[in-house]
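Novice: compute the structure for the input listed below.
(chains A and B)
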Amino acid sequence: MRHGYDDPKPRVGFFTDTSVCIGCKACEVACKEWNQIPDSNQGFTGHSYDNTIDLGANTWRHVAFIEQQVPVDVDGGASLVEAAERGGLVDSSGVATYQEGDGIRWLMSSDVCKHCTEAACLEVCPTGALFRTEFDTVVVQADVCNGCGYCVPACPFGVLDRREGDGRVWKCTLCYDRLKDDKEPACAQACPTDSIQFGELDDLRERAEARLLQLQEAGQSEARLYLGDDEDGVGGAGAFFLLLDEPEVYGLPPDPVDPRRRLGTVWAAAAAAAVVLGAGLAAAVLGGGE
Amino acid sequence: MSSVDSRSYYGQPVLKEPVWTPEIPVYFFTGGLGGASAGLAFLSELRGNDQLARRAWAASFAGLAVSPPLLISDLGVPRRFLNMLRMFKVTSPMSVGSWLLTAAAPVTGVAAANAWAGLFPRLSRVARPAAALLGLPVSTYTAALITNTSIPVWHEARGRLAFVSAGGAAASAGAVVAAATPTDAAGPARRLAVGGAAAELIGLRVMKRGLGELAEPYHEGKAGRYSKLGLALTTAGAGVLGGAGGRSRLAAVAGGTMLAAGALAERFSIFRAGFQSAADPRYVVGPQRARIERGETRGAARQSAKLQDVSAETPVDLQGGGRTRG
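Specialist: A predicted model of the protein is given here:
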């Protein structure tokens, strides 16, 4: 019995392989349509092709666009022959697709709620509106949330936000309704390159390791898995990523930590301060003579 | 943050700024005022200073009575305020606080009604010590509330902010009660006010020093302005109340008002600093990257594959296997 469910399902999630993302935003659109999310037109940012800006109450998938001037093939002092050999591998692995002749490369990545193992949003929610499903995902119950907003600054990834004019907090549900119907989430189904892969977390992690090794062997030394196992500050995540640069370049925190890991200190300080306040009161009232 | 050179996504924030409205720092003030005043009232009663005790009970009840409306009006869906009592969660200081306030407000009301009108004589024998005891955590749990978040300027002050809250609560309670009480009877309130102010200012100093570069928001923007205002008002108010306030009621009212306003300004400063800290990715990424570089953590990213030997000949189904449910 996991999380109190008599009949828990295998943990599911997303493996987002950003090395094959083409920035089509089909995931953003499919998510909006399926979940009937209000529009979030934020104007023209000038940040490459990204006019969605960030995840929020009305954006549950967000495609980031990063433009970099980086020579990918001859890093590490490779000779031209070695670089050419690697180039072949790179082509067969589909890495260098967006490397233009002038050395500009685009990094594109579809961000989403991480569905953390140690989910700060769920832990701080005072109403129980946030809960863990039988699929080990984290979902807000819209009929319970009273918009207290505690989850918003609690999330180490800045995923949750309150919806204007509605007052409640909204975020990715990993398409809970579709999971119950044995369908994959809308974003994963819409993704034309399988950059967003949905499945059982254990399978996804194995597949991600193989992909990481393949990219490393192809000379993509910058390839890395983000939240790809349980050894991070949130105890692992349902949604994890293969990135081609440091997490912060994509707007992701490099070392996110669930604030609850320090809850002992937090409560100890509050309790000690309460005792000190009591002592101060006693000193002020009883310590004044007559 | 000059010495931390961190990369970011177009300077976009990594965290979300809180959605809380100015009712929240006002509540931090009224909750502290109400909580600490109850203890002041109870102990003064024990000492036979009923003149002071009655006013302190009134201040306590006033502080705790306005708190729930402030909190409810901050909610996104105010009519669902009762959902706060659907469950009790130690992992959520907001849940703990909701229950604390739900318990403290009525018992304080009973104590105040007894002190002023002689109502509930039997009930108040239990209610008065209960109100005094509950007032202590009511005054300090708000620090747990905001330090148990991912906001760097709050979370990294988790061991210290509660003592600032306690000092501020003592200063507020002492200031308001001293202003409302004839000077002859107000000695304990004045001592509490001055002692609380000193504790609050020292606590803030220690907290900011501990934060190091993360304390920058306290010197910039709105948080910086509230911080300066709070320091000036608290210092001046404590000086006037502790000095001339012992002889002149007018000085006590002036000093008490300044001191209470100073405590309120400090709460706004702490509140706004959290927003500013969340809005700038440097404060989030910088310390995390520094932790990784110091070798204290691997971080969340890993460049070496756990599989060691998957040769090019081994067919790996990289794309097709994802549709297990589709």
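Novice: ok so residue B:91 is a strand residue?
Specialist: No. With DSSP: H, G, I helix; E, B strand; the rest coil as the criterion, residue B:91 is located in coil rather than a strand.
Novice: ok, the residue in chain B that chain A sits nearest to - contacts?
Specialist: Nearest residue of chain B to chain A: residue B:76, at 1.8 Å (CB to the nearest CB). Just so you know, the C-beta spots here come from the backbone N, C-alpha and C atoms, and that holds for glycine as well. Shown in contact with residue B:76 (CB atoms under 8 Å, 6 or more residues apart in numbering or on different chains): A:145, A:146, A:147, A:148, A:149, A:162, A:166, A:167, A:168, A:169, B:19.
Novice: just the ones in strands from these, please.
Specialist: If you go by DSSP state E, those have A:162, A:169 in strands.
Novice: just give me the closest of the contacts of residue B:76 to residue B:53.
Specialist: residue A:148 (35.0 Å; CB to CB).
Novice: stretch B:78-86 and chain A, are they touching?
Specialist: Yes. Stretch B:78-86 reaches chain A (CB under 8 Å from any CB of the partner chain) through B:78, B:80, B:81, B:83, B:84, B:86.
Novice: hang on, the second one packs against residue A:143?
Specialist: No. Look at residue B:80 against residue A:143 with CB atoms under 8 Å: they stay out of range, at 9.3 Å.
Novice: who's more crowded, these two?
Specialist: With neighbours defined as other CB atoms under 10 Å in any protein chain shown, residue B:80 and residue A:143 compare such that residue B:80 has more, 21 against 9.
Novice: which ones are touching the more buried one?
Specialist: Contacts of residue B:80 (CB under 8 Å, 6+ apart): A:127, A:144, A:145, A:146, A:147.
Novice: I'd like these as CSV, with pLDDT appended.
Specialist: Shown next, in CSV, are the contacts of residue B:80 (pLDDT from 0 to 100):
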residue, pLDDT
A:127, 98
A:144, 98
A:145, 98
A:146, 97
A:147, 98
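Novice: and chain B, which of these contact it?
Specialist: Among those, proximity to chain B is found for A:127, A:144, A:145, A:146, A:147 (CB under 8 Å from any CB).
Novice: tell me who's in contact with the first one.
Specialist: Pointing back at residue A:127 there. Residues in contact with residue A:127, defined by CB under 8 Å, 6+ apart, are A:144, A:145, A:146, A:148, B:80, B:83, B:84, B:86, B:87.
Novice: can you tell me the closest non-neighbouring residue to it?
Specialist: residue B:83 (4.2 Å; CB to CB, 6 or more residues apart in numbering or on different chains).
Novice: also the last one?
Specialist: With sequence-adjacent residues excluded and distances taken as CB to CB, 6+ apart, residue A:147 is closest to residue B:76, at 1.8 Å.
Novice: may I ask which helix or strand encompasses the one you found?
Specialist: Per DSSP states H and E, residue B:76 falls between elements, in no helix or strand.
Novice: which pLDDT value belongs to the most centrally placed residue in chain A?
Specialist: Geometric centre of chain A, nearest residue: residue A:114, 3.7 Å, by CA atoms, centre = their mean. With respect to pLDDT, residue A:114 scores 98.
Novice: please apply the same query to residue A:53.
Specialist: Confidence score, pLDDT, at residue A:53: 93.
Novice: for it, the count of nearby residues, please.
Specialist: 19.
Novice: which one of the residues of stretch B:78-86 next to chain A has the most neighbours?
Specialist: The most neighbours of any of the residues of stretch B:78-86 next to chain A, using other CB under 10 Å, belong to residue B:84, which has 23 neighbours.
Novice: which residues in the stretch 151-290 of chain A form helices?
Specialist: Using DSSP state H, counting those that start in this stretch, the helices of the stretch 151-290 of chain A run over residues A:151-154, A:176-180, A:186-190, A:201-217, A:263-286.
Novice: what helices and strands are in contact with the longest one?
Specialist: Read that as helix A:263-286. Judged by 3 or more CB pairs under 8 Å, 6 or more residues apart in numbering or on different chains; DSSP states H and E, the packing partners of helix A:263-286 are helix B:23-46, helix B:93-117, helix B:121-147, helix B:161-180, helix B:187-211.
Novice: now with 10 Å, please.
Specialist: helix B:23-46, helix B:50-74, helix B:93-117, helix B:121-147, helix B:161-180, helix B:187-211 (3 or more CB pairs under 10 Å, 6 or more residues apart in numbering or on different chains; DSSP states H and E).
Novice: now residue A:196: how far from chain B?
Specialist: Distance of residue A:196 to chain B, given as CB to the nearest CB, to the nearest Å: 8 Å.
Novice: related to what we said a few turns ago, most packed of the helices and strands packed on helix A:263-286?
Specialist: For those, average neighbour numbers computed from mean count of other CB atoms under 10 Å in any protein chain shown are highest in helix B:161-180, which has a mean of 31.
Novice: close to chain A, is that one?
Specialist: Yes. Helix B:161-180 reaches chain A (CB under 10 Å from any CB of the partner chain) through B:161, B:162, B:163, B:164, B:165, B:166, B:167, B:169, B:170, B:173, B:174.
Novice: dump those into TSV; add pLDDT as well.
Specialist: Listed next are the residues of helix B:161-180 next to chain A as TSV, based on pLDDT from 0 to 100:
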residue	pLDDT
B:161	98
B:162	98
B:163	98
B:164	98
B:165	98
B:166	98
B:167	98
B:169	98
B:170	98
B:173	98
B:174	98
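Novice: among those, which two are most distant?
Specialist: Using CB to CB, these span at most 20.3 Å, a distance reached by B:161 and B:174.
Novice: low-confidence stretches in the stretch 151-300 of chain B?
Specialist: Counting by pLDDT under 70, the stretch 151-300 of chain B shows no low-confidence range.
Novice: which two in the contacts of residue B:80 are spaced the farthest apart?
Specialist: Using CB to CB, the pair of the contacts of residue B:80 lying farthest apart is A:144 and A:147, separated by 10.8 Å.
Novice: would you mind telling me which of those two has more residues around it?
Specialist: With neighbours defined as other CB under 10 Å, residue A:144 and residue A:147 compare such that residue A:147 has more, 22 against 17.
Novice: wait, isn't the more buried one in contact with residue B:71?
Specialist: No. Counting by CB atoms under 10 Å, residue A:147 stays clear of residue B:71, with 11.9 Å between them.
Novice: mind listing the shared neighbours of these two?
Specialist: Residues touching both residue A:147 and residue B:71 (CB atoms under 10 Å, 6 or more residues apart in numbering or on different chains): residue B:78.
Novice: for chain A, which residue gets nearest to chain B?
Specialist: At 1.8 Å from chain B, residue A:147 is the closest residue in chain A, using CB to the nearest CB.
Novice: and chain A, what are its domains?
Specialist: Chain A breaks down into these domains under automatic domain parsing: A:12-257, A:263-290.
Novice: and among those domains, the most buried is which?
Specialist: It is domain A:12-257: most buried of the domains of chain A by mean count of other CB under 10 Å, with a mean of 20.
Novice: what's the first-to-last distance across that one?
Specialist: End-to-end distance of domain A:12-257 (CA to CA, to the nearest Å): 22 Å.
Novice: rewinding a little: what do residue A:144 and residue A:147 both touch?
Specialist: A:127, A:129, A:168, B:77, B:80, B:83.
Novice: among those, which one lies nearest to residue B:50?
Specialist: Nearest to residue B:50 among the shared contacts of residue A:144 and residue A:147 is residue B:83, at 40.7 Å by CB to CB.
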